[in-house]
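Asks: Coordinates only, no sequence provided:
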């Protein structure tokens, strides 16, 4: 009886793990990462960033559309040299968030 219970619990955990892993994102549903709204004017820096970002092709945390003006919606970024809302550093390892560039439908990836 104990073996059946352990087996059932093991199968349940294995079945539930992809759901748990997929729900783990550093960005909340409103599009904030540590009180930073992920839209607006963005400055690229080499040190002391607000957010470390890795660009990926699959399984992003955020879909980013680069715009030239009015970056008002989550995932719309306008790259600037000054007057930024937040600073990002592009990294290859240990990112805070992962992004994917898109031409339409920016926002929190689901």
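Replies: Received the coordinates, thanks. Not measured: the values here are computed from a predicted model.
Asks: what is the mean pLDDT for stretch 42-51?
Replies: Across stretch 42-51, the average pLDDT comes to 98.
Asks: ends of it, how far apart?
Replies: Start and end residues of stretch 42-51 are separated by 10 Å (CA to CA, to the nearest Å).
Asks: Check which residues of it are buried.
Replies: 42, 43, 49, 50, 51 (16 or more other CB atoms under 10 Å). Bear in mind the C-beta positions are built from the backbone N, C-alpha and C, glycine included.
Asks: same question, stretch 91-102
Replies: For stretch 91-102, by 16+ other CB under 10 Å, it's 95, 96, 97, 98, 99, 100, 102.
Asks: got a list of what the nearest residue to residue 36 once chain neighbours are set aside touches?
Replies: Spatial nearest neighbour of residue 36, chain neighbours left out: residue 86 (5.1 Å); criterion: CB to CB, 6 or more residues apart in numbering. Going by CB atoms under 8 Å, 6 or more residues apart in numbering, residue 86 touches 36, 40, 42, 43, 50, 51.
Asks: partners of residue 86 in the sheet?
Replies: residue 42 (DSSP bridges).
Asks: in this protein, what spans have low per-residue confidence?
Replies: Where the chain drops to pLDDT under 70, the residues are 1-23.
Asks: in it, which residue is closest to the centre?
Replies: residue 61 (2.6 Å; CA atoms, centre = their mean).
Asks: right, and the pair among the buried residues of stretch 42-51 with maximum separation?
Replies: Greatest spatial distance among these (CB to CB): 43 and 51, at 11.1 Å.
Asks: Having no further points to raise, I will conclude here.
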